[in-house]
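A.B. asks: sequence below, structure please.
(one chain, ligands or ions: 1)
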Amino acid sequence: MTQPFDLSAALAERRQLRRYRQRLEQQAPAGREALVDGQRLLNFCGNDYLGLANHPQLVTAFKKAADEFGVGSGASHLVCGHSHYHHALEEQLAAFCGRPRALLFSTGYMANLGVIQALVGKGDAVFEDRLNHASLIDGGLASGARFRRYQHVHAASLAAQLAGADVRRKLVVTDGVFSMDGDVAPLAELADVCEQHQAWLMVDDAHGFGVLGEHGGGCVAAQGVQARVPVLVGTLGKAFGTFGAFVAGSDELIETLIQFARPYIYTTALPAAVAAATLASLVLLREEHWRREKLQGLIARFRLGAAQRGFQLMDSATPIQPLLIGDDGEALALSQRLLQRGFLISAIRPPTVPEGTARLRITLSASHEPEDIDRLIESL
Ligand SMILES: *Cc1c(COP(=O)(O)O)cnc(C)c1O
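C.D. replies: Modelled structure (predicted):
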């Protein structure tokens, strides 16, 4: 008899495929540098693109609010966990996105599950870019709507699928900046196609906020399509440097989420202190342009240096600069060799990325210095 809970076989298979995942224990905040096993490493794999996660103003705001509100929020937003810090942050995020309302979620993963489930179900259809983040894919699958994936950043492929869909509601879902590739969705083209087919466009710009757009408004701001994206998702754990996520949109959208988004309703609110720290981070993110400018300089320096040495770079103008390796074992071995040389860079393997496209996902941050980039290129 086969044992239904023989977990060892699946674990052994994953190990044998060189896809086994392991965590490193960080002994200090992972910023420009990381400290692992007593070894100082230059960190090129975080998502703290503006270097705000450990900023003294955020830490001060966090401590002050923790003195006032304690640590735990004690309940969900709809019961008694919704503090004035949460409320103020929602208002500030709405203004930042140029939308009537915004709603905080405890994580981006939950925001994506919640929004898709609240907007579509049986009798509807959801259309997703093939390379969307796992949370968007999971949200689409869990919604009960018909689920289709179109070719990566390919508006014509989407149009063909929309034309053939005879359903009540059509929701088109895309990453703004693709998390494992660093390229950006063609939002104006996607919006055109959505408008032609009476579909709604939902953009998850987890990696664009803070980085793209004049004031860090993300790819929607950078591409001038604010009014054409009815559902805009951002996360707070990347360039904002804190934790959590938000959805920005119309009053009706936000009320719909408050009433129907289960991952909003049935979970504990973020700690108020996280909201307070995010209020501090939003000011820095919006006003202190030098971080975005410095980051753009580092990206250009990396791409130039890498191209001069003949590395195959992906088509990315964002801080996500993956080096495509292909083979899982080879990507892992490279990552381990870089670790020995003092660089923290993760090997991203299937199922996070498609088969045969394992890569070193190099990410840059405003906390890096030009010499760090040069050292990285030398070592690669
Ligand atoms: C990181 C990420 C998420 C998940 O956000 P969390 O707040 O970390 O749960 C969602 N979407 C995209 C595109 C992401 O990169």
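A.B. asks: report how many residues lie close to whichever residue of the stretch 1-150 of the chain sits closest to the ligand.
C.D. replies: Residue of the stretch 1-150 of the chain nearest the ligand, by Cβ to the nearest ligand atom: residue 108 (2.3 Å). C-beta coordinates here come from the backbone N, C-alpha and C atoms, glycine included. When neighbours are defined as other Cβ atoms under 10 Å, residue 108 has 24 of them.
A.B. asks: which residues sit against stretch 312-320?
C.D. replies: 49, 177-184, 207-208, 211-212, 295, 298-299, 303, 306-307, 321-324, 361-365 (Cβ atoms under 8 Å, 6 or more residues apart in numbering).
A.B. asks: what do you get if the cut-off is 6 Å, keeping everything else the same?
C.D. replies: 49, 177, 181-183, 295, 306, 322, 324, 363-364 (Cβ atoms under 6 Å, 6 or more residues apart in numbering).
A.B. asks: what about that stretch, near the ligand?
C.D. replies: No: shown here: stretch 312-320 not in contact with the ligand (Cβ under 6 Å from any ligand atom), separated by at least 9.4 Å.
A.B. asks: SS state for whatever residue of the stretch 201-350 of the chain ends up closest to the ligand?
C.D. replies: Taking Cβ to the nearest ligand atom as the measure, the stretch 201-350 of the chain has residue 206 as its residue closest to the ligand, at 3.5 Å. Look at residue 206: counting by DSSP: H, G, I helix; E, B strand; the rest coil, its state is coil.
A.B. asks: so for it, what's the pLDDT?
C.D. replies: Here the pLDDT value assigned to residue 206 is 98.
A.B. asks: and if you look at residue 263?
C.D. replies: With respect to pLDDT, residue 263 scores 97.
A.B. asks: who touches it in this structure?
C.D. replies: Applying Cβ under 6 Å, 6+ apart, we find residue 263 in contact with 110, 113-114.
A.B. asks: which phi and psi does residue 42 have?
C.D. replies: phi -80, psi 130 (degrees, to the nearest 10).
A.B. asks: what's the neighbour count on residue 67?
C.D. replies: Around residue 67 there are 9 other residues, counting by other Cβ under 10 Å.
A.B. asks: same check on residue 62?
C.D. replies: 21.
A.B. asks: quick check: closest non-adjacent residue to it.
C.D. replies: residue 277 (4.0 Å; Cβ to Cβ, 6 or more residues apart in numbering).
A.B. asks: name the element the one you found belongs to?
C.D. replies: Element membership for residue 277, per DSSP states H and E: helix 272-287.
A.B. asks: name the residues that touch that helix?
C.D. replies: 52, 57-58, 61-62, 65-66, 69, 73, 83, 85-86, 89, 92, 210, 215-216, 236, 240-243.
A.B. asks: rerun at 8 Å
C.D. replies: With Cβ under 8 Å, 6+ apart as the criterion, helix 272-287 contacts 50, 52, 55, 57-66, 68-69, 71, 73, 83, 85-86, 88-89, 92-93, 96, 104, 209-210, 215-216, 236, 239-244, 291.
A.B. asks: just the residues you listed: which are in helices?
C.D. replies: 57-66, 68-69, 85-86, 88-89, 92-93, 96, 291 (DSSP state H).
A.B. asks: in this protein, what spans have low per-residue confidence?
C.D. replies: Where the chain drops to pLDDT under 70, the residues are 1-2.
A.B. asks: burial count for residue 64?
C.D. replies: So residue 64, with other Cβ under 10 Å, has 14 neighbours.
A.B. asks: distance of it from residue 40?
C.D. replies: Computed as Cβ to Cβ, to the nearest Å, the residue 64 to residue 40 distance reads 31 Å.
A.B. asks: now do the same contact list for residue 220.
C.D. replies: If you count contacts by Cβ under 8 Å, 6+ apart, residue 220 has them with 97, 176, 187, 203, 205, 208, 213, 226, 229, 232.
A.B. asks: ok, the third one - contacts?
C.D. replies: Pointing back at residue 187 there. 174, 176, 201, 203, 219-220, 223, 225, 228-229.
A.B. asks: and those as TSV, adding secondary structure?
C.D. replies: Shown next, in TSV, are the contacts of residue 187 (three-state DSSP):
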residue	secondary structure
174	strand
176	coil
201	strand
203	strand
219	helix
220	helix
223	coil
225	coil
228	helix
229	coil
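A.B. asks: in this structure the residue of the stretch 1-150 of the chain closest to the ligand contacts residue 243, no?
C.D. replies: No: at 9.8 Å, residue 108 and residue 243 do not qualify as touching, with contact defined as Cβ atoms under 8 Å.
A.B. asks: what do those two both touch?
C.D. replies: Common contact partners of residue 108 and residue 243 (Cβ under 8 Å, 6+ apart): residue 237.
A.B. asks: just the C-alphas of the helix holding residue 277, formatted as CSV.
C.D. replies: Output in CSV follows, covering the C-alpha atoms of helix 272-287 (Å, rounded to 0.1, in the frame of the first residue of the first chain):
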residue,chain,number,x,y,z
ALA,A,272,-0.9,50.2,13.8
ALA,A,273,2.8,50.8,14.2
VAL,A,274,3.4,49.4,10.7
ALA,A,275,0.8,51.8,9.3
ALA,A,276,2.5,54.7,11.2
ALA,A,277,6.0,53.7,9.8
THR,A,278,4.5,53.5,6.3
LEU,A,279,3.1,57.0,6.7
ALA,A,280,6.7,58.1,7.3
SER,A,281,8.0,56.1,4.5
LEU,A,282,5.4,57.5,2.0
VAL,A,283,6.7,61.0,2.7
LEU,A,284,10.3,60.0,2.0
LEU,A,285,9.3,57.9,-1.0
ARG,A,286,7.4,60.7,-2.6
GLU,A,287,9.6,63.7,-1.8
